[in-house]
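Chemist: test case, fold it:
(chains A and B)
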Number of protein chains: 2
Amino acid sequence: MSDLEQILMKMKKQSALLASLSGDTKNLALRKIADNLRKNKARIIEENLSDIKIAQSENLQDTLLKRLLLDDKKIEGLIEGVEDLIKLEDPTNKILAVTELDKGLVLTKKSVPIGVIGVIFESRPDALIQISTLCIKSGNCVILKGGREAARTNRILADIVVESIESVGEEFENSLYLLETREEVSAMLKYDKYINLVIPRGSNQFVSYIKKNSLIPVLGHADGICHLYVDSDADIDTAVEITFDSKTQYVAACNALETLLVNETIAGKFLPALKRELDKKDVVIKGDKKTKEILKDVEDATEEDWSTEYLDYILSIKIVKNVDEAIEHINKYGSGHTDSIVSKNSKNCDKFTALVDSAGAFVNCSTRFSDGFRYGFGAEVGISTNKIHARGPVGLDGLVIYKYILQGESHIVEDYSSGKKKFVHREIS
Amino acid sequence: MSDLEQILMKMKKQSALLASLSGDTKNLALRKIADNLRKNKARIIEENLSDIKIAQSENLQDTLLKRLLLDDKKIEGLIEGVEDLIKLEDPTNKILAVTELDKGLVLTKKSVPIGVIGVIFESRPDALIQISTLCIKSGNCVILKGGREAARTNRILADIVVESIESVGEEFENSLYLLETREEVSAMLKYDKYINLVIPRGSNQFVSYIKKNSLIPVLGHADGICHLYVDSDADIDTAVEITFDSKTQYVAACNALETLLVNETIAGKFLPALKRELDKKDVVIKGDKKTKEILKDVEDATEEDWSTEYLDYILSIKIVKNVDEAIEHINKYGSGHTDSIVSKNSKNCDKFTALVDSAGAFVNCSTRFSDGFRYGFGAEVGISTNKIHARGPVGLDGLVIYKYILQGESHIVEDYSSGKKKFVHREIS
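Modeler: Model (predicted):
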């Protein structure tokens, strides 16, 4: 048996114990983490600087360096995040339903942790604290793999978390483990008998790779091809402002706008106004034929553009007849992430939210709101475009499942099969 | 593009429309199905007899023939089932949560259908009606594949369902499709871009095959290795009765007992009493060393037996020190399906339900209760040992997911990033 398998076996066993912990015990562990992060700030910053020096020597992009940086301010933000998480309700051991099946035979549906969760995350080391504290709060064991560039920072953060929670009690032993090599990730993916869920945070290709190479259920998003549809009666200024925010507020995010759909009756007025604004950020526009009749000097949008997540200062634009054509385009080319309509027509807005098959269907606001923190979930473990288990930004609720507890008084099934007894199925709560 | 892909494309498109149907429209479709099943009873029975004749000529086992048979009584049962389903609440378009993120910016979480579901089921043709009506009630499109032996019965049942729902309106077009060859199933598994969930009902091997050959999320159960633990203070008669029911009431079911764990202090009294009862059904007992000291003429239980789902009149027995050893054995060898304790000690019962990591943790009742009908779900689309999305018997609730609708008044994210505005995150409901 490999070292990794031994660790995973212990984790699986431990996960049963974690499920029965009280909210207070888990909050005590979170409190320790917050305190120890504060105490060890200097050491964390030192390790992070080592990572950054190596990254600089390897000519890492500036944007990635920014993500890698963990300074005093970011650590304070992390501590605040942990303190906010303490205030949230324990998502486990909630009674979801109670049904009397028959006299003395009572079925209780109760929320419980999922068990053992594998999370593979990008270069941002803050993610390690966010993910591990969400897992602790929800009573899950977690096996983590961070970006190679943040190796030293991740190591010290993981050590701090493990020391903190184990100081609370032995029930937290074997509940968090940091993988440090790619080989360990490949190995981990084989252990569907120990791991209940994998959350890969990263590119579309990466998520697909995980899905193809593991039998473990995967929670993730393939693509963030988000749309905004500007309806015929939209206020021009509002539409420009929402488009500008959706596209440029943070282009590298999965909830950034990629394709703009514009009603043909408003395009002539709206597009020139929009272009003036987008030019300020040098956004490259790719337009369909009708768009090009209105806007000069824009590139051709090809069929491929409608399915492309640019994550850059690029926007594809298509002119459509009406809300129906917009919805059809979104459901055909979109990735089910987040799509928004700008309109004063409440019928069209209702049609849009009812028929657009996405995790987020928005009205008169920016696509960039699709995010766990903005939704009020405290933080998110990822965003899902799956249509099972959890959809959209996934917070604590997405880290639990339920079990059924059936309490009887010597009840047997034969009595019901033979007709001697009958089920009553009375909802108690 | 293959014929199948064309069908699936249409289904995906249609699924957006189905999501917006009212409960009344869906109930009207179900009403039509019930009526048409009654009207066409003679034709159904005729087709079923053809299937049975062929099956008999191929020497199909008696138990399988029984499952294949669809007689007047079974059809009436199906019609009753559809009528019960009409009475259940619409699981879609339920408001699950409303949060004010800021003034005029309101987030609504609403239940919606999953979309397109593939279900591959066993020889029992009744399953076609149960599954398709559950999918209609929950607003899902469904692609079905039944057992080869029931080909003619499935064909007429599918025709009746399609005719019935399409008579209600064109919104039901392309919402149900019956596959008739294995090749079509293999082809279907590749279309993760159209199909959101596959539910394979069948053997462990079959479910594993599906998981290995598809990127579509799979809901199913690998194995049903169910346990019963008889605690030191259990009433002997009760324990015998519950064991007998769990093991023999229907041995081929996934919720039937496979391994019995017995507290060492009660084994001497309990096991001989149990054996007298099990002998009436010629149950073969496989015991560990200590069991064999008490019961003569029983076979050796090997390590392999603890992970074997017999689905037969065979029971493995192990003697354990206490409830902790029982829980450890269950979490190590069990399949997370259903496990039960017989005990008068409420502390041990609570420990058992808290620490046994299974979809069903039962107290003083038969494992055979783990079933959608018995739980009061109307019917079940399958039983899940997954630990995400849906666990245990899966009824209507397991066929829905949610979407987030965010209604704004020209809100943009930059105002919150810049600190100009702050989120309030006030729960409205």
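
Chemist: helix, strand or coil for the closest residue to chain B within the stretch 201-350 of chain A?
Modeler: Closest residue of the stretch 201-350 of chain A to chain B, C-beta to the nearest C-beta: A:Asp245 (3.6 Å). For glycine as for every other residue, the C-beta is placed from the backbone atoms N, C-alpha and C. Per DSSP: H, G, I helix; E, B strand; the rest coil, the secondary structure class of A:Asp245 is helix.

Chemist: quick one: contacts for it?
Modeler: Listed by C-beta atoms under 8 Å, 6 or more residues apart in numbering or on different chains, the contact set of A:Asp245 reads A:Ser366, A:Arg368, B:Ile412, B:Val413, B:Glu414.

Chemist: 6 Å instead?
Modeler: Shown in contact with A:Asp245 (C-beta atoms under 6 Å, 6 or more residues apart in numbering or on different chains): A:Ser366, B:Ile412, B:Val413, B:Glu414.

Chemist: not counting sequence-adjacent ones, nearest residue to it?
Modeler: B:Ile412 (3.6 Å; C-beta to C-beta, 6 or more residues apart in numbering or on different chains).

Chemist: check which helix or strand covers the residue nearest to A:Lys94 when sequence neighbours are not counted.
Modeler: In space, and not counting its chain neighbours, A:Lys94 is closest to A:Ser111: 4.4 Å by C-beta to C-beta, 6+ apart. Taking DSSP states H and E as the criterion, A:Ser111 maps to strand A:105-113.

Chemist: within its sheet, name the partner strands of that strand and how each one runs.
Modeler: According to DSSP bridges, strand A:105-113 forms sheet pairs with strand A:95-102 (antiparallel), strand A:400-411 (antiparallel).

Chemist: what sits up against the first one?
Modeler: Defining contact as C-beta under 6 Å, 6+ apart, one finds that strand A:95-102 is touched by A:106-111, A:402, A:423-424, A:426-429, B:376.

Chemist: show me what contacts the residue positioned nearest the centre of chain A?
Modeler: Closest residue to the average C-alpha location of chain A: A:Gly382 at 1.8 Å, with C-alpha atoms, centre = their mean. Counting by C-beta under 6 Å, 6+ apart, A:Gly382 touches A:Ile199, A:Arg201, A:Val394.

Chemist: export the residues you listed to JSON lines and tack on distance to B:Val207?
Modeler: Listed next are the contacts of A:Gly382 as JSON lines, based on distance: C-beta to C-beta, whole Å:
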{"residue": "A:Ile199", "distance to B:Val207": "23"}
{"residue": "A:Arg201", "distance to B:Val207": "28"}
{"residue": "A:Val394", "distance to B:Val207": "26"}
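
Chemist: tell me how far the strand holding A:Ser111 lies from the chain's centre.
Modeler: Centre-to-centre, strand A:105-113 and its host chain are 27 Å apart (C-alpha atoms, centre = their mean, to the nearest Å).

Chemist: swap in stretch A:105-122?
Modeler: For stretch A:105-122 - counting by C-alpha atoms, centre = their mean - the centre lies 17 Å from the chain centre.

Chemist: before we move on, back to that, got phi/psi on the residue nearest to the centre of chain A?
Modeler: Main-chain torsions, A:Gly382, degrees, to the nearest 10: phi 160, psi 180.

Chemist: show me the beta-bridge partners of it.
Modeler: Beta-bridge partners of A:Gly382, as defined by DSSP bridges: A:Val394.

Chemist: over to A:Gly118?
Modeler: Here A:Gly118 sits in beta bridges with A:Ile143, A:Val198, going by DSSP bridges.

Chemist: now swap in A:Val106 and tell me
Modeler: In beta-bridge terms (that is, DSSP bridges), A:Val106 pairs with A:Glu100, A:Gln407.

Chemist: burial check on it, number of neighbours?
Modeler: If you count neighbours by other C-beta atoms under 10 Å in any protein chain shown, A:Val106 ends up with 18.

Chemist: report pLDDT for it.
Modeler: A:Val106 carries a pLDDT value of 98.

Chemist: can I get the contacts of A:Gly382 in JSON lines including distance to B:Glu299, pLDDT and neighbour count?
Modeler: Converted to JSON lines, those look like this (distance: C-beta to C-beta, whole Å; pLDDT from 0 to 100; neighbours: other C-beta atoms under 10 Å in any protein chain shown):
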{"residue": "A:Ile199", "distance to B:Glu299": "45", "pLDDT": "94", "neighbour count": "25"}
{"residue": "A:Arg201", "distance to B:Glu299": "51", "pLDDT": "87", "neighbour count": "22"}
{"residue": "A:Val394", "distance to B:Glu299": "49", "pLDDT": "94", "neighbour count": "25"}
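
Chemist: highest neighbour count among the contacts of A:Asp245?
Modeler: A:Ser366 (33 neighbours).

Chemist: close to chain B: what parts of the stretch 251-400 of chain A are there?
Modeler: The stretch 251-400 of chain A comes close to chain B at residues A:331, A:353-355, A:357, A:360-366, A:368-369, A:376, A:387-389, A:391-392, as judged by C-beta under 6 Å from any C-beta of the partner chain.

Chemist: tell me which of those fall in strands.
Modeler: Of these, the ones assigned to strands by DSSP state E are A:Gly360, A:Ala361, A:Phe362, A:Val363, A:Asn364, A:Cys365, A:Gly392.

Chemist: surely the fifth one meets B:Gly408?
Modeler: Right, the one you point to is A:Asn364. Yes: if you go by C-beta atoms under 6 Å, A:Asn364 and B:Gly408 touch, sitting 4.7 Å apart.

Chemist: what's the burial count for the closest residue to A:Lys41 other than its chain neighbours?
Modeler: Leaving aside its chain neighbours, A:Lys41 sits nearest to A:Ile75 (5.5 Å; criterion: C-beta to C-beta, 6+ apart). By other C-beta under 10 Å, the residues close to A:Ile75 number 20.

Chemist: if we can go back for a sec, and which of the contacts of A:Asp245 is nearest A:Ala273?
Modeler: B:Ile412 (16.0 Å; C-beta to C-beta).

Chemist: that's a strand at A:Asp297, yeah?
Modeler: No: counting by three-state DSSP, A:Asp297 is not part of a strand but coil.

Chemist: who's in contact with the closest residue to A:Pro113 other than its chain neighbours?
Modeler: Leaving aside its chain neighbours, A:Pro113 sits nearest to A:Gly139 (3.6 Å; criterion: C-beta to C-beta, 6+ apart). A:Gly139 is in contact with A:Leu18, A:Ala19, A:Leu21, A:Thr92, A:Pro113, counting by C-beta under 6 Å, 6+ apart.

Chemist: what does the pLDDT read for A:Gly139?
Modeler: Looking at A:Gly139, its pLDDT is 98.

Chemist: for A:Val185, which non-adjacent residue is closest in space?
Modeler: Spatial nearest neighbour of A:Val185, chain neighbours left out: A:Lys145 (5.2 Å); criterion: C-beta to C-beta, 6+ apart.

Chemist: low-confidence ranges, the stretch 201-350 of chain A, go.
Modeler: Within the stretch 201-350 of chain A, the stretches with pLDDT under 70 are A:222.

Chemist: quick one, strands of it?
Modeler: Shown for the stretch 201-350 of chain A, the strands assigned by DSSP state E, counting those that start in this stretch span residues A:226-230, A:257-263, A:284-287, A:299-300, A:314-320, A:338-342.
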